[in-house]
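Visitor: everything below, folded, please.
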Amino acid sequence: MTTKADDNKNEKPEKTGATGRRTSTRRSGGAAKSASAGKGKAKVAGSKSSGGQKARAKVSTKATTPAPRKAEPAQAQPKALPRLLARFREEIAPAMIKEFEYTSPMQVPRLNKIVLNIGIGAEAIQNSRAIANATGDLALISGQHPMTTRARKSIAAFKVREGMPMGLAVTLRGRRMYEFFDRLISSTLPRIRDFRGLSREAFDGRGSYALGIREQVIFPEIDYNSIDRIRGLQVVIVTSATNDREGLRLLELMGVPFTRTEAGDRAA
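Guide: All right, here's what the predicted structure looks like:
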């Protein structure tokens, strides 16, 4: 008779390997499972690597695409010419060429610069805030920060030492010069009390004109309630004219209100 143990031995025979050792089916089954698991892991790793490559490809395509250009800012439009400069080019220069028979437009006299001066003098010794207050007034009038003029040598009688601040000066050229001159003749000079015109004898012989103003409050930029003291200033108009006759005619055409002559009074 055969037992169940003998049947089991017959059904599951033992296998021998190349080395002669006996290997059971259980071990072979475990190896197969480990091999299949390894293949599965390899597939997963391959899928992950392919997914990473696709992501990298997407990133590379995004990086290679050019970024959209930003809209360029609008260019600033050039400022319009000052009113007096445009009038000089269109009306005054042709009239001067016709009157003085110039052979070239470059011979026409024109404005070179305008210099504004304020003398402080002894006030700077007594009042330490005089220079600062006068600087603020002159900056408002001219639209440009003035420079401080200092004493060149010491004078004991006037208690002046070398290097002591004695006044202020500012030089205007170009656009600011024409804008200031336009304000001077159109809105500032008519505010002078009992104004009867400017003198024709204030030329220096080379076409430049000097004008003295007693009160700085005639300028519309100055607030009467904010000043500490009434101060005068000097305005020097420097032109390229070679003589006083051409300089006078240039300023007349620009609108400077000079006093009338006897011939003009008779004609009026």
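Visitor: contacts and neighbour counts: CA atoms only from here.
Guide: Will do.
Visitor: how about the strands in the stretch 51-200 of the chain?
Guide: 111-119, 147-150, 165-172 (DSSP state E, counting those that start in this stretch).
Visitor: the longest one vs strand 165-172, what angle?
Guide: Counting by axes from the mean of the first three to the mean of the last three Cα atoms, to 10 degrees, strand 111-119 lies at 160 degrees to strand 165-172.
Visitor: nearest residue to Pro105 in space, ignoring adjacent ones along the chain?
Guide: Ile97 (7.1 Å; Cα to Cα, 6 or more residues apart in numbering).
Visitor: burial check on the one you found, number of neighbours?
Guide: When neighbours are defined as other Cα atoms under 10 Å, Ile97 has 17 of them.
Visitor: thought it was touching Met106?
Guide: No. Counting by Cα atoms under 8 Å, no contact exists between Ile97 and Met106, whose distance comes to 9.8 Å.
Visitor: do you know the pLDDT at Arg214?
Guide: pLDDT, Arg214: 91.
Visitor: wait, I meant Ile227
Guide: The model's pLDDT for Ile227 equals 85.
Visitor: just Glu99 next, same as before
Guide: 93.
Visitor: what about the protein, any weak spots by pLDDT?
Guide: Applying pLDDT under 70 to the chain flags residues 1-76, 262-268.
Visitor: ok, now which ones touch the residue nearest to Pro105?
Guide: Neighbour list for Ile97: 103, 105, 108 [criterion: Cα atoms under 8 Å, 6 or more residues apart in numbering].
Visitor: swap the cut-off to 10 Å and go again
Guide: 103-109 (Cα atoms under 10 Å, 6 or more residues apart in numbering).
Visitor: now, which of those residues sits nearest Leu168?
Guide: If you rank the contacts of Ile97 by distance to Leu168 using Cα to Cα, Pro109 comes first, at 28.3 Å.
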